[in-house]
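3D model of this:
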Amino acid sequence: MSRVFGPVPSRRLGRSLGVDPIPFKTCNWNCVYCQLGRSAQLKTERERFFPADSIVDEVVSTVERIGKTNVDWVTFVGSGEPTLHLDLGEMIREVKRRTDLPVAVITNGSLLYLEAVRRDLLEADAVLPTLDAGSERVYRRINRPARSLTFDRQIEGLRAFRREYRGQLWVEVMLVKGYNDDDQSLAEIAQVLEEVNPEEVHLNRPTRPAADARAEPSDELRTRRAAEILGAGARSVAAEAACVALSEHEELESAILGIVTRHPLEQARIADTLSTTDHAGVERAVLALLERGEVQQVERHGARFLCAGEGLFGPA
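Okay, here's the model as predicted:
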């Protein structure tokens, strides 16, 4: 499967060309809200999962094919935790050198306590780490990290990275009903944010299928309350409806698989997402993928989503 996907629209990053440098669900967290399902086995050691040069070559060839003016950011986002790739720093440097495009990294921030990981991210133009908790108790409950990862290490890494990093630090808080959207939990997060002092705080909610069906998005009232408690820099960044243009050489099946492996989509919106009027062809492609088990249907929030076949989801 291609390691590059999109561009997909993003309220934060415009037309974002995604780069997925790790195998599916390679992660050191098992978040209740993960849109890719549960982590079957947590991974804590960094590895060279795929050759860095081949990933960079694919980014460059994709940019050349679709045109540099059609990409606003190159975003390392991963179907798991991208900082687990040992050559992430090399890939960031080479993408910037060969495309002259800004690079963002979306990370859970769990490995920022490691000097090597912080060094890898220093040349990124924007880094978007996660902060869903302000205490060890909530951290364990919502992010469910590997045993060796602690809340203190999470905060230690964020503080250290803030001291060293000169790019844009945008912290994401995923608001999950009953987990971290009460006033006390939000006040604890606000205290950490005051220390870290990011340029922006992005509030999100799990509107796609969550690994745990009990993980529901906070309502509008609690989301507004979160913005009040977390400060003036906090703003909602609800996910946009994706719209990905098919290349003339791309097959429907591979296009659908490439998207839903990273971003589950409402099955009824697949054709709109691919900007195609061939609804019959989309339906045939989806059925073929379902029959082979490469994708699956997951029902959440009153809608049916198409997700990666490997994803492990609790019952609705």
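
For residue 206, which residues are in contact?
33, 35, 174, 176, 215, 216, 217 (CB atoms under 8 Å, 6 or more residues apart in numbering). Placement of C-beta: from N, CA and C, glycine included.

how's the protein carved up into domains?
4-240, 250-316 (automatic domain parsing).

ok, and which of the ones you listed has the densest surroundings?
Of all these, domain 4-240 has the most neighbours on average by mean count of other CB atoms under 10 Å, namely a mean of 19.

Can you add mean pLDDT and give the domains of the chain back as CSV?
What follows is these, written out as CSV (pLDDT from 0 to 100):
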stretch, mean pLDDT
domain 4-240, 94
domain 250-316, 81
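
any chance of the contacts of residue 206 in CSV, plus secondary structure and distance to residue 272?
Below are the contacts of residue 206 laid out as CSV (DSSP: H, G, I helix; E, B strand; the rest coil; distance: CB to CB, whole Å):
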residue, secondary structure, distance to residue 272
33, coil, 25
35, coil, 19
174, strand, 26
176, strand, 28
215, coil, 26
216, coil, 25
217, strand, 22
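
hang on, residue 162 packs against residue 196?
Yes - at 5.1 Å, residue 162 and residue 196 qualify as touching, with contact defined as CB atoms under 8 Å.

Could you name every residue contacting both of the two?
residue 169.

Which strand residues bridge the nearest residue to residue 72 once chain neighbours are set aside?
Excluding the flanking residues, the one nearest residue 72 by CB to CB, 6 or more residues apart in numbering is residue 14, at 3.3 Å. Assessed by DSSP bridges, residue 14 has beta-bridge partners residue 10.

roughly how far apart are residue 14 and residue 69?
According to CB to CB, to the nearest Å, residue 14 stands 12 Å off from residue 69.

circling back: tell me which two of the contacts of residue 206 sit farthest apart.
In those, two members sit farther apart than any others by CB to CB. They are 35 and 216, at 13.4 Å.

Pull up the overlap in contacts between those two.
By CB under 8 Å, 6+ apart, the residues touching both residue 35 and residue 216 are 206, 210.

Report the central residue of this protein.
The residue lying closest to the centre of the chain (CA atoms, centre = their mean) is residue 77, at 5.2 Å.

ok, back up a step: quick one: the contacts of residue 206 as CSV, columns for distance to residue 52 too.
Shown next, in CSV, are the contacts of residue 206 (distance: CB to CB, whole Å):
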residue, distance to residue 52
33, 30
35, 26
174, 29
176, 34
215, 34
216, 39
217, 36
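
Just the closest of these to residue 296, please.
Distances from residue 296 to the contacts of residue 206, taken by CB to CB, are shortest for residue 35, at 13.1 Å.

Is it correct that the closest one is in contact with residue 263?
Yes - between residue 35 and residue 263 there is a contact at 7.1 Å, judged by CB under 8 Å.

Overlap in contacts, the two.
In contact with both residue 35 and residue 263: residue 208, using CB under 8 Å, 6+ apart.

All set now, cheers.
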